[in-house]
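Engineer: What would the 3D arrangement of this be:
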Amino acid sequence: MWMTGKIETVGVLSCKERQGQRLSGEDWSARWVVAAQGGEYVERLARELKLPRAIAEILVCRRIGTVEQARAFLFPALSQLHDPMQMLGMETAVTRLRTALAAAEPVLIYGDYDVDGTVATVLLKTAAERAAAAMGVVADVRYHIPHRIREGYGMQESRIAAAAEEGVRLVVSVDTGIRAFAAAEECKRLGLDLIVTDHHLPEADGVPEALAVLNPNQVGDKYPYKELCGAAVAFKLAQALLESTARDEEERTRLREKTLPSFLKLLAIATIADAVPLTGENHVIAAIGLRELRKPSQPGLRALMELAAIDASQPISATDVGFRLAPRINAAGRMDIASDVVDMFLAKDAEVARTLAEKLHRLNDDRRATEAEALREIEARLEKMLASSEGIPGIVVLDDAPEEDKQTSGWHRGVVGILASRVVDRTGKPALVITHEDGQAHGSGRSVPGFQLLDALTAVHGEGDKGLFTRFGGHAHAVGFSLPSDHVAELRSRMELYARSRTIDEEAARETVECDAELRLGEITPEFLNALELLGPFGNGNPEPLWVSRGVRLTAALRVVKNRHLRLSVEDAEDGAKFGGMVWSRRSNWAERAQEDGWVQGDRMDLAYRLRHNRHPDFGGWELEVLDLRRVGKEARNEN
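Structural biologist: Predicted coordinates:
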């Protein structure tokens, strides 16, 4: 029986901005919710695996309750990867791909323009060429990565037709294709075989008519793990293909010990970048792949890591991948030509690879500059709304060609999703951000808890040929859409009307700080920290533990950093342990708050924080990264 529950404490401080700081003018007091774990499982894990009790609590909180599950989670190994032949359609796919390679048939890999799609392309092309070499033939494996703006998402019938004219007889999609019914029909009409590898959810009507469809989420698939990213599904085909060409046990051993780990370093990047849950098989992929990233063999990967300031001599985290490597890879698809990513990873010449890596690095700088410029315009627009009598509407709809400001510059289509997220952060309201091009408006939307954005678009679209959108899709919290530019005013009107007819659940939308366990600072020992690192890699589905320490005392005056952040030094009032830390202002201005409330040395505080290992050679070490804090009454100042 699981002995789990939630103890809720309401804090007065929040990751959201307080009234007067957030543009909406709303007070977003955060709830602190601390998980409470049953003793039986915690004690057993702590005792049998020799773990600090607090670490065992985290495992139980993640629903890892047996010693066997915990040992597999803490010490991931290649043997934990599932057999790719368990995936529906795999045998047919491997047989057809081997036949094509053996006959030197031209094969086209049809990818996608994000990290997941480009990495999937690299992995499958590399595996196909190695498999062909093992069979004593030279493979003719081509690839196509669509241009985000000129072609858009998904498989296009025109490119299928062009491939047929070029002599291609087998098309393999990666990270796309599960809803490509028209493209599948075109393949059938032209006499091309199609293998679909994808991870997106199929439509209710089923899957495209293809020779084989590899997707663990399709009906009837018994593959034991359903959360793979697109590159991981392609990797499964690559793994099965390579295993099918191994001639003896020596080659199979080399494949397991050398080849597969080298594939996992790129697959880990895609897995982390695609934000799939880092649980089960994904946890194994990410953990082993991050270790392998410290040995980058591809010159393009080495160059990109160097430009991203990732030191391969130190442990590499999912944060390093998600915030340093992935944006540079994604920048190609957002700002230019995503095939440069594939070319960079496949390049054997160090100079060519370096040139491509530097291009991705520049494109990421361009993306950041483009985003920053648009954000300045958006900020001014929001301030103008706030100053008006109407204020911020229930749904914020912003486009780069508003009637009231014909001088506004165009926003790049590749960043409108990021911009929508920023508007939500700034206002606490659902947001649509739109850019115009050649009479068409292209937009992305992001929402808040308690408001179903895809339902909203469906409701305002209308029916039949008179529908508002050219296309739209997504889910509750994120959508994409396009429509004629002259329909945007109507979209804004309908969305505002829809918002007025719906009340956002304020309780659901209110920020909740999910805390894993309470901890005394004196419990943070070297043994504890070593065990903490075994819980990683952290990310979606396996977040970094968030700890609560109560009643710690400020041992020095707060130091303001860059006018917003705070550096603090604290001491546990009970055990005397001391730590330093940073309170980062992502939304709230902590420096302002501390001054307003008069925080001083000696104050007692409750902290909600993560533990961060600062690896700076001069002043590195473990410190607190404080997400939320509150003073425990003024009377606590003069105690003791």
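Engineer: Ala270 in helix, strand or coil?
Structural biologist: helix (DSSP: H, G, I helix; E, B strand; the rest coil).
Engineer: so it makes contact with Gly230?
Structural biologist: Yes: the pair Ala270 / Gly230 is scored as a contact, 7.5 Å apart, by Cβ atoms under 8 Å. C-betas here are computed from N, CA, C, even on glycine.
Engineer: Mutual contacts of the two, please.
Structural biologist: Shared contacts of Ala270 and Gly230, defined by Cβ atoms under 8 Å, 6 or more residues apart in numbering, comprise 116, 120.
Engineer: Check which helix or strand the residue most central in space within the chain maps to.
Structural biologist: In the chain, the centroid-proximal residue (Cα atoms, centre = their mean) is Ala275; its distance is 3.0 Å. Using DSSP states H and E, Ala275 sits in no helix or strand.
Engineer: Is there a neighbour count for Gly467? I'd like the number.
Structural biologist: Look at Gly467: counted by other Cβ atoms under 10 Å, it has 14 neighbours.
Engineer: same question, Leu346
Structural biologist: The tally of other residues near Leu346 (other Cβ under 10 Å) stands at 18.
Engineer: residues in contact with the closest residue to it other than its chain neighbours?
Structural biologist: Distances taken as Cβ to Cβ, 6 or more residues apart in numbering put Val122 closest to Leu346, at 6.2 Å, once the chain neighbours are dropped. Listed by Cβ under 8 Å, 6+ apart, the contact partners of Val122 are 266, 341-342, 345-346.
Engineer: at 7 Å instead, please
Structural biologist: With contacts defined as Cβ atoms under 7 Å, 6 or more residues apart in numbering, Val122 is in contact with 266, 342, 345-346.
Engineer: Can you tell me how far it is from Leu264?
Structural biologist: 13 Å (Cβ to Cβ, to the nearest Å).
Engineer: cool, Ala210 as well?
Structural biologist: 27 Å.
Engineer: Check Asn563 too.
Structural biologist: 43 Å.
Engineer: For the two, indicate the residue with more neighbours.
Structural biologist: Comparing Asn563 with Leu264 by other Cβ under 10 Å, the one with more neighbours is Leu264, at 26 against 9.
Engineer: Now the more buried one. Nearest residue, chain neighbours left out?
Structural biologist: Setting aside the residues directly before and after it, Leu264 is nearest to Gly289 in space (Cβ to Cβ, 6+ apart), at 4.0 Å.
Engineer: repeat for Gly467
Structural biologist: His461 (4.9 Å).
Engineer: How confident is the prediction for that neighbour, by pLDDT?
Structural biologist: What the model reports for His461 is a pLDDT of 91.
Engineer: got a list of what it touches?
Structural biologist: Contacts of His461 (Cβ under 7 Å, 6+ apart): 467-469, 472.
Engineer: Return a PyMOL selection command for the buried portion of those residues.
Structural biologist: Buried residues among those (16 or more other Cβ atoms under 10 Å), as a PyMOL selection:
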select buried, resi 468+469+472
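Engineer: per-residue pLDDT, the residue lying closest to Asp486 once chain neighbours are set aside?
Structural biologist: Nearest residue to Asp486, sequence neighbours excluded (Cβ to Cβ, 6+ apart): Gly439, at 7.8 Å. What the model reports for Gly439 is a pLDDT of 86.
Engineer: Neighbours of Gly439, how many?
Structural biologist: Neighbour count of Gly439, defined by other Cβ under 10 Å: 8.
Engineer: sorry, back to before: what's the following helix or strand after the helix or strand encompassing the residue nearest to Leu264?
Structural biologist: Take DSSP H and E as the rule and Gly289 turns out to sit in helix 280-292. Moving toward the C-terminus from helix 280-292, the first helix or strand encountered (DSSP H and E) is helix 299-307.
Engineer: now that following helix, how far from the centre of its chain.
Structural biologist: Relative to the chain's own centre, helix 299-307 is displaced by 21 Å; criterion: Cα atoms, centre = their mean, to the nearest Å.
Engineer: mind listing what Leu629 touches?
Structural biologist: Residues in contact with Leu629 (Cβ under 7 Å, 6+ apart) are 13, 583, 605-608.
Engineer: Return the closest of the contacts of His461 with respect to Asp221.
Structural biologist: Nearest to Asp221 among the contacts of His461, counting by Cβ to Cβ, is Phe472 at 28.2 Å.
Engineer: rewinding a little: tabulate the contacts of His461 (CSV), appending distance to Pro216 and secondary structure.
Structural biologist: Below are these laid out as CSV (distance: Cβ to Cβ, whole Å; DSSP: H, G, I helix; E, B strand; the rest coil):
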residue, distance to Pro216, secondary structure
Gly467, 33, coil
Leu468, 35, coil
Phe469, 31, coil
Phe472, 27, strand
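Engineer: what angle sits between the longest helix seen in the chain and helix 299-307?
Structural biologist: Secondary structure of the chain per DSSP state H: the longest helix is helix 350-387. Helix 350-387 and helix 299-307 are oriented at 50 degrees to each other (axes from the mean of the first three to the mean of the last three Cα atoms, to 10 degrees).
Engineer: tell me which residues of helix 350-387 are tucked away?
Structural biologist: Applying 16+ other Cβ under 10 Å to helix 350-387 flags 353-357, 359-361, 363-364, 366-367, 370-371, 374-375, 377-378, 381-382, 385 as buried.
Engineer: and if you look at stretch 101-114?
Structural biologist: For stretch 101-114, by 16+ other Cβ under 10 Å, it's 101, 105, 107-114.
Engineer: what does stretch 72-84 give?
Structural biologist: 72-74, 76, 80-82, 84.
Engineer: Quickly check those residues for the two that are furthest apart.
Structural biologist: Leu74 and Pro84, at 25.1 Å, using Cβ to Cβ across the buried residues of stretch 72-84.
Engineer: right, and the helix or strand after the host helix or strand of Leu568?
Structural biologist: Assigned by DSSP H and E, Leu568 belongs to strand 565-571. Following strand 565-571 in sequence order, the next helix or strand is strand 578-583 (DSSP H and E).
Engineer: Identify all contacting residues around that next one.
Structural biologist: 521, 555, 565-571, 590, 609, 623-626, 629.
Engineer: Was I right to think His475 contacts Leu454?
Structural biologist: Yes: taking Cβ atoms under 7 Å as the definition, His475 is a contact partner of Leu454 at 5.5 Å.
Engineer: Compare these two and say which one has the larger neighbour count.
Structural biologist: Between His475 and Leu454, Leu454 has the larger neighbour count (other Cβ under 10 Å), namely 18 against 12.
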